[in-house]
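>>> Sequence first, then the predicted structure:
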Amino acid sequence: MDRRRVIGSVVAVAALGAAAAVTLPALATTQSGPPGAGAGEPPAEVLAAVGRDLKLAPEAARARLNRERWAGQTTAALRGAVGASYAGAWMSADGSQLTVAVTTETAAAKVRAAGAQAKIVTLSGTDLDAVKGDLDAGRRPAARELAGWFVNARENTVTVLAKPGQSAAARRFVAAQGVPAEAVTVVEAAESPRPLFDIRGGDPFIIGGRARCSVGFAVTTGFVTAGHCGRVGDTTTGASNAPQGTFTAATFPGSGDFGIVRTNADWVPLPVVFDFQGGTLPVAGSTEAPVGASICRSGSTTGLHCGVIQAKNATVNYPEGTVTGLTRTNVCAEAGDSGGSWISGDQAQGVTSGGSGDCTVGGTTFFQPVNEILAAGNLTLVTTGGGAEPATPPATAPPATAEPTRPPAGAVDCTTPDVTVRGRLDRAGARETQPNGRFFRAAAGTHTACLDGPAGATFDLGLQRFSHGQWRTVARTAGAAAGETLTFAGPAGFYRYRVHAVTGSGDYTLAFSVS
């Protein structure tokens, strides 16, 4: 299958850094006033996380995020405007001031005209990257001597972190690579980096060493992601190439787009989603948000983006085939974001499937609801409530307010149903899912249902249970009338009803209970 046309699909990579390029918008010509003016309202979830972790009041967090948004756009525009003179950019500690380093006065004038502070330096960003590249290509130093090295734009140098008492060893390492001493600063630090094998929503993982996707949510046995990211038996590694796990389930296309990865003992599942701004968003449960609710998506290509839920139970025709039961949003996504987390407030919602557009021009993106994945795999979502708790989505239909218009006679009692819903089928052959296009969770017990359809029509009723990655019909009526009754004794799980107009059309009422 050619999966390149699915916006959320994985992309072949030679290394983790080979993500799709993102073209940022140029500095708006309509910008006036101080930097940050006119920025949109940051998502409430991000505001809360930034306020908590940076110890800022809500207004201060909002102002900082708006300024940082402007800084990102301005930096991208300036980087193109000043070309080879660009040498890096950074925000002040309080987030109020953007500084852009350049190597010429002409470039500095452009920086100041854009509302940022300019700093003229000796080495360009290309020079610094070349120095770091020489260090990267050299013989690997002992971990007991060096913690690592990085491009330090503020200081216009490459900083080499030596373990305490190992400065001389660090300088020998630098000299052995032929790197100019003036381009490097050796600093002693007590850092002892170690692999942190945490499972967080949004983080990247590699499938079979050839493709990248994003983690959806941590479950007690590993994590969930998109089904098109891999096949059963495919192995995965983390961003550091550390062995991670194996796909134990994968559905795509068809009745969903979800995959399940069982991880090894080195990986610890955490109840968080990485926000790609240095913080995390808590996952407290998986209560389903309604259409119109705000929602945020986290993925390893484009980070955190937010929008609103536009529709549920969407069917999408991908080049690889049709996928049903997805949720439609106006949030952007790009290749490599596949499988990443969707969260509303602190409630897990789903994993990225696909869509159209990108995060430069915007677009439409669909996600696979997470509760259906949990039900299919009998999985337990890891939450912030002191441990792992099973996700229990509430029934999406409203409580009963009236009896069916014509309760069918017989052994089935529908005079006091738990739920009553109404619908309409406009032609013979049409089908509809109830309650309200979704599903409900039921404890083990006996399902009873009554269908009252229009006179002269034949409407059939089926009960389906979600099992092994798909909806399976467990009970069905096949009468020759509009009124049908159904009973089924079944285990706990996720269920839905399907109403089918065999002949005729019109309004119907469905009443059902579980006891």
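Arrived safely, thanks for sending. Numbers count the residues shown, from 1 in each chain.

>>> and Gly233, how many neighbours does it have?
Neighbouring residues of Gly233 were enumerated by other C-beta atoms under 10 Å; the total is 10. No exception for glycine: its C-beta is placed from N, CA and C like everyone else's.

>>> what's the answer for Glu182, then?
Neighbours of Glu182 under the rule other C-beta under 10 Å: 9.

>>> Okay, and the closest residue in space to Ala189 that isn't next to it in sequence sits in which element?
Excluding its sequence neighbours, the residue lying closest to Ala189 (C-beta to C-beta, 6 or more residues apart in numbering) is Leu161, at 4.7 Å. Leu161 belongs to strand 157-162 when elements are defined using DSSP states H and E.

>>> same check, this time on Arg64
For Arg64, the host element (DSSP H and E) is helix 58-82.

>>> in that helix, what's buried?
Neighbour-count burial for helix 58-82, counted by 16 or more other C-beta atoms under 10 Å, picks out 61-68, 70-71, 73-79, 81-82.

>>> what do you get for stretch 213-228?
In stretch 213-228, the ones that count as buried by 16+ other C-beta under 10 Å are 213-219, 221-228.

>>> Let's see which of those end up in strands.
Cys213, Ser214, Phe217, Ala218, Val219, Gly222, Phe223, Val224, Thr225 (DSSP state E).

>>> surely the fourth one meets Phe197?
No - here Ala218 lies out of contact with Phe197, judged by C-beta atoms under 8 Å, at a distance of 11.9 Å.

>>> any shared contact partners between the two?
Residues touching both Ala218 and Phe197 by C-beta atoms under 8 Å, 6 or more residues apart in numbering: none at all.

>>> Tell me the spacing between the spatially most central residue of the chain and Leu270.
In the chain, the residue lying closest to the centroid (C-alpha atoms, centre = their mean) is Ser341, at 2.4 Å. To Leu270, Ser341 is 12 Å away according to C-beta to C-beta, to the nearest Å.

>>> Next, the contact list for Asn252, please.
Just so we're on the same page, residue 252 is Phe rather than Asn. Contacts of Phe252 (C-beta under 8 Å, 6+ apart): Ala226, Gly227, His228, Phe258, Gly259, Glu320, Gly321, Val323.

>>> Would you mark the buried spots in the helix or strand where Thr352 lies?
Assigned by DSSP H and E, Thr352 belongs to strand 347-358. By neighbour count with 16+ other C-beta under 10 Å, strand 347-358 contains the buried residues Gln347, Ala348, Gln349, Gly350, Val351, Thr352, Ser353, Gly354, Gly355, Gly357, Asp358.

>>> With distance to Arg328 and pLDDT added, can I get those in a markdown table?
As requested, the buried residues of strand 347-358 are exported to a markdown table (distance: C-beta to C-beta, whole Å; pLDDT from 0 to 100):
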| residue | distance to Arg328 | pLDDT |
| --- | --- | --- |
| Gln347 | 18 | 89 |
| Ala348 | 18 | 93 |
| Gln349 | 12 | 94 |
| Gly350 | 11 | 95 |
| Val351 | 15 | 96 |
| Thr352 | 12 | 94 |
| Ser353 | 10 | 93 |
| Gly354 | 11 | 90 |
| Gly355 | 8 | 86 |
| Gly357 | 13 | 86 |
| Asp358 | 17 | 87 |
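
>>> domain parsing for the protein?
48-121, 131-188, 196-392, 419-514 (automatic domain parsing).

>>> any idea which of these is most buried?
Ranked by mean neighbour count under mean count of other C-beta atoms under 10 Å, these are led by domain 196-392, which reaches a mean of 21.

>>> now that one: how far from the chain's centre is it?
Distance of domain 196-392 from the chain centroid (C-alpha atoms, centre = their mean, to the nearest Å) equals 5 Å.

>>> Got phi/psi on Phe252?
phi 180, psi 130 (degrees, to the nearest 10).

>>> Distance check, it against Glu320.
To Glu320, Phe252 is 7 Å away according to C-beta to C-beta.

>>> Now list whatever residues contact both of these two.
Common neighbours of Phe252 and Glu320 (C-beta under 8 Å, 6+ apart) are His228.

>>> about what we covered before: what's downstream of the strand holding Leu161, the next helix or strand?
helix 167-176.

>>> what does the average pLDDT come to for the next helix-or-strand element following that following helix?
Under the assignment DSSP H and E, the closest C-terminal helix or strand after helix 167-176 is strand 184-188. When pLDDT is averaged over strand 184-188, the result is 86.

>>> so what strands line up beside strand 184-188?
Taking DSSP bridges as the criterion, strand 184-188 forms sheet pairs with strand 157-162 (parallel).

>>> Leaving aside the residues adjacent along the chain, what's closest to Thr315?
Thr324 (4.8 Å).

>>> In contact with the one you found, which residues?
By C-beta under 8 Å, 6+ apart, Thr324 lies in contact with Gly254, Ser255, Gly256, Asn313, Thr315.

>>> could I get those as a markdown table with secondary structure, pLDDT and distance to Ser505?
Below are the contacts of Thr324 laid out as a markdown table (DSSP: H, G, I helix; E, B strand; the rest coil; pLDDT from 0 to 100; distance: C-beta to C-beta, whole Å):
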| residue | secondary structure | pLDDT | distance to Ser505 |
| --- | --- | --- | --- |
| Gly254 | strand | 87 | 28 |
| Ser255 | coil | 86 | 26 |
| Gly256 | coil | 90 | 30 |
| Asn313 | strand | 83 | 21 |
| Thr315 | strand | 85 | 21 |
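
>>> Check the contacts of Phe252 and tell me the two furthest apart.
Spatially, the most separated pair among the contacts of Phe252 is Gly259 and Gly321, at 15.6 Å (C-beta to C-beta).

>>> on that earlier part again, roughly how far does the residue nearest to Thr315 sit from Ser353?
Thr324 is 11 Å from Ser353, by C-beta to C-beta.

>>> these two touch, right, Ala116 and Gly72?
No - using C-beta under 8 Å, Ala116 is not in contact with Gly72, being 11.7 Å away.

>>> Could you give the bridge partners of Asp507?
When bridges are called by DSSP bridges, Asp507 pairs up with Arg424.

>>> Gly453 versus that one, what's the distance?
In terms of C-beta to C-beta, Asp507 sits 8 Å off from Gly453.

>>> Might one say that Asp134 is in contact with Gln177?
Yes - look at Asp134 against Gln177 with C-beta under 8 Å: they come within range, at 4.9 Å.

>>> Stretch 367-384 spans what distance, first to last residue?
23 Å (C-alpha to C-alpha, to the nearest Å).

>>> what's the answer for stretch 245-262, then?
Terminal residues of stretch 245-262 are spaced 5 Å apart (C-alpha to C-alpha).

>>> Stretch 373-382 too?
With C-alpha to C-alpha applied, stretch 373-382 spans 14 Å between its terminal residues.

>>> Ok, stretch 137-155 next?
For stretch 137-155, the end-to-end distance is 23 Å (C-alpha to C-alpha).

>>> so who does the closest residue to Ala61 other than its chain neighbours touch?
Leaving aside its chain neighbours, Ala61 sits nearest to Gly51 (4.1 Å; criterion: C-beta to C-beta, 6+ apart). In this structure, Gly51 makes contact with Ala57, Pro58, Ala60, Ala61, judged by C-beta under 8 Å, 6+ apart.
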